[in-house]
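Novice: Quick one, what's the 3D model for this:
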Amino acid sequence: MTLTLAEDYKHQTVLLDEAVEALDLTGERAAAVIVDGTFGRGGHSRKILQHLNSSGRLIAFDKDTQAIASAQQIIDPRFEIVHDSFATMAEALQERDVRQVDGILMDLGISSPQVDDASRGFSFRADGPLDMRMDTTRGISAAEWLATEDEQIIREVIKNYGEERFAFQIAKAIVARRAVQSISSTRQLAEIVANTVKTREKGKDPATRTFQAIRIFINKELEDLEIGLAGAYASLAPHGRMVVISFHSLEDRIVKQFFASKVTLPQPDRRLPIRSVDLPQPEMKLIKKIKPSDAEVTANPRARSAILRVAERLPVHILGGGK
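Specialist: Numbers count the residues shown, from 1 in each chain. Have a look, this model is predicted:
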């Protein structure tokens, strides 16, 4: 099998201008400390650096070693790349003596080089080793997991992370196949799913949901997102902004619910004698929600499911401060 270097693949950053504008790096905020939670191929990071002045600082994260190699090509004293998940953001910032940041961008999509490079094992469209790890230096590959995991767990992963209604049949077929032959390539897994799923969604390959589910599980994407959002909020300064781009309903639901929990806090019983000024106050306010324009989707069909959500942290409300 001939493998092509990831640098040969092109990546179009989704909602590039909209995401950076949402960080509001104008005026005094050009000296901001910003976090790019997912460097990818650096589209957002490079745009952010264009808006920061000489006092600004950008700290980026990524799990992918190829993304790290791409980031190391940026020679700029204001920029630093961290080889780790954004789930470690709070600890990583503490280690760098960064107490608060003014803006955090998290693009939750996988980059085109990851999808298009068959050697990464993310795509059912080309044959390659069934790996699917964002960080190939840690954890187990999808092939190693499918070789040993219990059928019920495989079924639950495909059902819960892929929202696949044929999860039972697919898991059963995987376990039956591995009993006679190891499942080590993307083509093998795609064929198992195609032979099992008899009805196809319009415009979708039958393996779409299964590949998505296994990728999410192998990379702990949803667990990292929940931890990352909490860490991001804890690291955000008052009036700092969180900008999150999601690409499927599972991750967008987590982002939406997280923001909602900060905007609308549980209130005590109305019958209790509590002054209005002492009631729990919102911790964030929603700024906007943006979807790609028709022109962007036409130019880059992978942008079609993107949703960008922006929220701003509010100053701390001091209980009992009113008279």
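Novice: Between the two ends of stretch 75-91, how far is it?
Specialist: 25 Å (CA to CA, to the nearest Å).
Novice: Please apply the same query to stretch 157-168.
Specialist: Stretch 157-168 has an end-to-end distance of 10 Å (criterion: CA to CA).
Novice: From here on, call the first residue 18.
Specialist: Sure thing, new numbering starts at 18, so read that last one as stretch 174-185.
Novice: which of the residues in it are buried?
Specialist: 174-176, 178-179, 181, 183-184 (16 or more other CB atoms under 10 Å). Any C-beta I mention is one placed from the backbone N, CA and C, and that applies to glycine too.
Novice: what is the mean pLDDT for that stretch?
Specialist: Across stretch 174-185, pLDDT averages out at 95.
Novice: any idea how far it is from the chain center?
Specialist: Computed by CA atoms, centre = their mean, to the nearest Å, the chain-centroid distance of stretch 174-185 equals 20 Å.
Novice: Can you give the contact residues for that stretch?
Specialist: If you take CB atoms under 8 Å, 6 or more residues apart in numbering as the criterion, stretch 174-185 is touched by 172-173, 187-188, 213-214, 226-227, 229-231, 233-234, 239, 266-267.
Novice: buried subset of the residues you listed?
Specialist: In the contacts of stretch 174-185, the ones that pass as buried (16+ other CB under 10 Å) are 172, 187-188, 213-214, 226-227, 229-231, 233-234, 239, 267.
Novice: quick one: which of these is nearest to residue 204?
Specialist: Among those, residue 227 lies closest to residue 204 (CB to CB), at 13.3 Å.
Novice: Ignoring the adjacent residues along the chain, who's closest to that closest one?
Specialist: What sits nearest to residue 227 in space, not counting adjacent residues and going by CB to CB, 6 or more residues apart in numbering, is residue 210, at 4.9 Å.
Novice: so who does the one you found touch?
Specialist: Residue 210 touches 141, 187, 190, 223-224, 227, counting by CB under 8 Å, 6+ apart.
Novice: same check, this time on residue 56
Specialist: Contact analysis of residue 56 by CB under 8 Å, 6+ apart lists 62, 77-79, 84-85, 87-88, 98.
Novice: In what element of secondary structure is it found?
Specialist: In the assignment (DSSP states H and E), residue 56 maps to no helix and no strand.
Novice: Can you read off the backbone torsions of it?
Specialist: Main-chain torsions, residue 56, degrees, to the nearest 10: phi -60, psi -40.
Novice: Kindly provide the distance from it to residue 180.
Specialist: 29 Å (CB to CB, to the nearest Å).
Novice: same deal with residue 292?
Specialist: Distance from residue 292 to residue 180, by CB to CB: 46 Å.
Novice: The longest strand belonging to the chain: which residues count as buried?
Specialist: Longest strand of the chain, by residue count under DSSP state E: strand 253-263. The neighbour-count check on strand 253-263 (16+ other CB under 10 Å) flags 253, 257-263 as buried.
Novice: Now do stretch 79-88, average pLDDT.
Specialist: Per-residue scores along stretch 79-88 average to 94.
Novice: OK, contacts around the spatially most central residue of the chain?
Specialist: For the chain, residue 125 is the residue whose C-alpha lies nearest the centre (CA atoms, centre = their mean; 2.2 Å). Shown in contact with residue 125 (CB under 8 Å, 6+ apart): 55, 238, 242, 261-264, 268.
Novice: can you check residue 76 too?
Specialist: Residue 76 neighbours (CB under 8 Å, 6+ apart): 50-53, 97, 99, 109-110, 113, 115, 118.
Novice: quick one: what helix or strand has it in it?
Specialist: strand 74-79.
Novice: ok, back up a step: of the contacts of residue 210, just say which sits nearest to residue 154.
Specialist: Nearest member of those to residue 154, counting by CB to CB, is residue 141, at 24.4 Å.
Novice: CA atoms only: put the strand holding residue 76 into PDB for me.
Specialist: Provided in PDB are the C-alpha atoms of strand 74-79 (Å, rounded to 0.1, in the frame of the first residue of the first chain):
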ATOM      1  CA  ARG A  74      -0.200  35.400  23.300                       C
ATOM      2  CA  LEU A  75      -1.700  32.200  21.700                       C
ATOM      3  CA  ILE A  76      -1.500  28.800  23.300                       C
ATOM      4  CA  ALA A  77      -2.700  26.000  21.000                       C
ATOM      5  CA  PHE A  78      -3.400  22.300  21.700                       C
ATOM      6  CA  ASP A  79      -3.700  19.200  19.500                       C
END
